[in-house]
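mind folding the following:
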Amino acid sequence: MTEQTTKTDERDYDEYRVVQDLGGWKRTHSCSQLTAANVGEEVTIMGWVQFRRDHGGLIFIDLRDREGLTQTVFSPEVAPEAHERAHAIRIEYVVALRGIVKPRPEGMTNTSMHTGEIEVYVTEWKLLNTSDTPPFPIEDRVDAAEMLRLKYRYLDLRRPRLARNFILRNKAAQSVRRYLDSLGFLEIETPVLTKSTPEGARDFLVPSRVNQGMFYALPQSPQIFKQLLMVGGLDRYFQIVKCFRDEDLRADRQPEFTQIDIEMSFPDEEQIMGMAEGLVRTLFAETIGVALPAAFQRMSYKQAMDEYGVDKPDVRFGLKLVDVKDIFVGGGFKVFAGAPMLKAIRVPGGLELSRKEIDDYTEFAKIYGAQGLAWIKVKEDGEWQSPIVKFFSEDEKAKLAERLGMVPGDIVFFQAAPADVTNASLGNLRLKLGERFGLIDEKAYAPLWVTDFPLLEYDPEDKRWVAKHHPFTSPQPGQMDTIASDPGGALARAYDLVLNGNEIGGGSIRIHTPGAQKAMFSALGIGEQEAEEKFGFLIEALKFGAPPHGGIAFGLDRIIMLLTGSKSIRDVIAFPKTQKAACQMTEAPNVVDNRQLRELGIRLREKVAEAAPEETKNEA
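Model prediction:
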């Protein structure tokens, strides 16, 4: 055994021995495997020291690896030399322990641990590495700030909860591969350095050194490439793939994320949706043992927006939005009578809400562009309490009560605004109210298909029509001419899969003829020359016998977030970025040496150059 003696003045002993190799030792078990069935066996386990307890005669060490914990015992009677050296052990030291499995004393079993019936009496051990005191405890109950945990992400990953997340993520990825392979899909990689095309979000650009002044783009998705694979006759493709979008971030978004990308030739919507349902059912069954419904609920985009205000509704609870505009047309309350849209949401038991809570909900609605939030409380005696009730006629009150089913104890919230503001503010308020009143069964899973999306939507800022999904989505049968004559009336052959209010997948039947694709580009304001410059290779490919094709892409990070019950996809991505798209650990993005910039033919603006390190400023 090769050993090294290391000195330190930061610990309460003079020297300890760190081995540079395992000397032939091999791990026999993980720290979660040993049970009463192993009593009497000699075992070797390796990992990190979670806890150390010195009880005078005996020293107890809880050893941890990614699978779990094992309690070990250093006894002066069993192994005097090993026990004496154990006084040097501290938390997060890396050790290899060899010993005999024994049952715990009567009454000392720990039913919360898989290994809680046994303990390992150590006969000899090796110190594999020491550790500085971690900046936060390596345990699930840690309340350290997220930025600190991201800075030391490699330590955060040691926490059992995060380790379990990545064990499950691996299990999910293997489940996906087995399922799709069983259906004849081929796993094919597509390029990471590609061409910048207008597909929605901003591209991440990569400058070319060989072709100065030109740039690659990192793919927002492999959309065009997977269509070209269908043109290439490969029939069924999938890939678990990195995608990149330079967009505003939030809890369920990252600048780089992972998709389960799928495409198939000669399908219709039912085939793709059936395949996707089978994939999701298999995934949930094999990872967390949950049986999803044999058939997923379906809802049109119009119904989702009418009743829930969002295109990814959480259907685990009620509180539907109700259109009440017609009741107040021509009435005396001008705010309601003249509103572009007027919807209400009735909350049973909402009478208990305080004025502060109502004010907080009003501020919340303003996030989505609302000017305010009207409300009515129905008191126990049936009287309506609200600053707006005095403007209502008796007929309006009667019709409103009947339409909403108002009863004592209720509160009703109203939004009078343009459609996008009304739907967004009430649709998101509905979710907060569902949480506030405990209406959501957190253990339930309610998958939902949303279909019949508009093909196009109008962008008031750019003053043009844009694709609701992407510009390669086919219109529904018989609606190709509608693209030009009534762009807002055309419906798409598109479908989104929603789970508990989260969009986990989306896809469509694609345009597969060059004429139809050109017509779509024209409707989007993309002229023939621009279309040729940006998508010429796709249009050219469609001329050579492209088959009908379609597919779907799932957000793997978001699915794992739901499977693990995590609140953010940062907890299921090994090395995530912050909401400012920065890596706390590596400090990326960062400035680069001016010599690299010169090789790329790039010169920074003066303000950017001022932020560069001193050693590169001289070259600027």
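
which helix runs longest in the protein?
Under DSSP state H, the helix in the chain containing the largest number of residues is helix 160-182.

and residue 257, bridged to which residues?
Taking DSSP bridges, one finds residue 243 as the beta-bridge partners of residue 257.

how many residues are close by residue 47?
Other residues lying near residue 47 total 25 when counted by other C-beta atoms under 10 Å. For every residue, glycine as well, the C-beta is placed using N, CA and C.

how about it, secondary structure?
Following DSSP: H, G, I helix; E, B strand; the rest coil, residue 47 is assigned to strand.

can you show me the strands along the stretch 51-200 of the chain?
Using DSSP state E, counting those that start in this stretch, the strands of the stretch 51-200 of the chain run over residues 59-65, 68-74, 94-103, 118-129, 186-187.

pLDDT below threshold where in the protein?
With pLDDT under 70 as the threshold, the chain has low-confidence stretches at 1-16, 198-200, 250-252, 607-620.

nearest the geometric middle of it, what residue?
Nearest to the centroid of the C-alpha atoms of the chain, with distances taken as C-alpha atoms, centre = their mean, sits residue 558, at 2.9 Å.

distance check, that residue against residue 315.
The gap separating residue 558 from residue 315 is 17 Å, by C-beta to C-beta, to the nearest Å.

how about residue 58?
Distance from residue 58 to residue 315, by C-beta to C-beta: 56 Å.

compare the two (neighbour count), which wins?
Under the neighbour definition other C-beta under 10 Å, residue 58 and residue 315 were set side by side, and residue 315 has more, 19 against 16.

state the helix or strand in which that one lies.
No secondary structure element spans residue 315, as it lies outside all helices and strands (assigned by DSSP states H and E).

circling back to that earlier point, closest one to residue 569 among the strands of the stretch 51-200 of the chain?
Ranking those by proximity to residue 569 (C-beta to C-beta) places strand 186-187 first, at 23.2 Å.

would you mark the buried spots in whichever helix or strand comes after the closest one?
The element immediately downstream of strand 186-187 (helix or strand, assigned by DSSP H and E) is strand 204-207. Along strand 204-207, these residues count as buried under the neighbour rule (16 or more other C-beta atoms under 10 Å): 204, 207.

and strand 204-207, what other elements does it pack with?
The criterion is 3 or more C-beta pairs under 8 Å, 6 or more residues apart in numbering; DSSP states H and E, and the helices and strands that strand 204-207 contacts are strand 215-218.

ok so, going back, give me the element the residue nearest to the centre of the chain is part of.
With elements delineated by DSSP H and E, residue 558 resides in helix 556-564, which encompasses its position.

next: residue 363.
Element membership of residue 363, judged by DSSP H and E, is helix 355-366.

who touches the next helix or strand after that helix?
Proceeding C-terminally, helix 355-366 gives way to strand 374-378 as the next helix or strand, assigned by DSSP H and E. Outside strand 374-378, the residues that touch it by C-beta atoms under 8 Å, 6 or more residues apart in numbering are 335, 350-351, 353, 358, 384-386, 388-389, 406-416.

please indicate which of these are buried?
With neighbours counted using 16+ other C-beta under 10 Å, the contacts of strand 374-378 contain these buried positions: 335, 350, 353, 384, 386, 406, 410-416.

make JSON lines out of these and add distance to residue 480 and secondary structure.
JSON lines is the format used below for the buried ones among the contacts of strand 374-378 (distance: C-beta to C-beta, whole Å; DSSP: H, G, I helix; E, B strand; the rest coil):
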{"residue": "335", "distance to residue 480": "42", "secondary structure": "helix"}
{"residue": "350", "distance to residue 480": "48", "secondary structure": "helix"}
{"residue": "353", "distance to residue 480": "50", "secondary structure": "coil"}
{"residue": "384", "distance to residue 480": "52", "secondary structure": "strand"}
{"residue": "386", "distance to residue 480": "50", "secondary structure": "coil"}
{"residue": "406", "distance to residue 480": "47", "secondary structure": "coil"}
{"residue": "410", "distance to residue 480": "48", "secondary structure": "coil"}
{"residue": "411", "distance to residue 480": "48", "secondary structure": "strand"}
{"residue": "412", "distance to residue 480": "44", "secondary structure": "strand"}
{"residue": "413", "distance to residue 480": "42", "secondary structure": "strand"}
{"residue": "414", "distance to residue 480": "41", "secondary structure": "strand"}
{"residue": "415", "distance to residue 480": "37", "secondary structure": "strand"}
{"residue": "416", "distance to residue 480": "38", "secondary structure": "strand"}
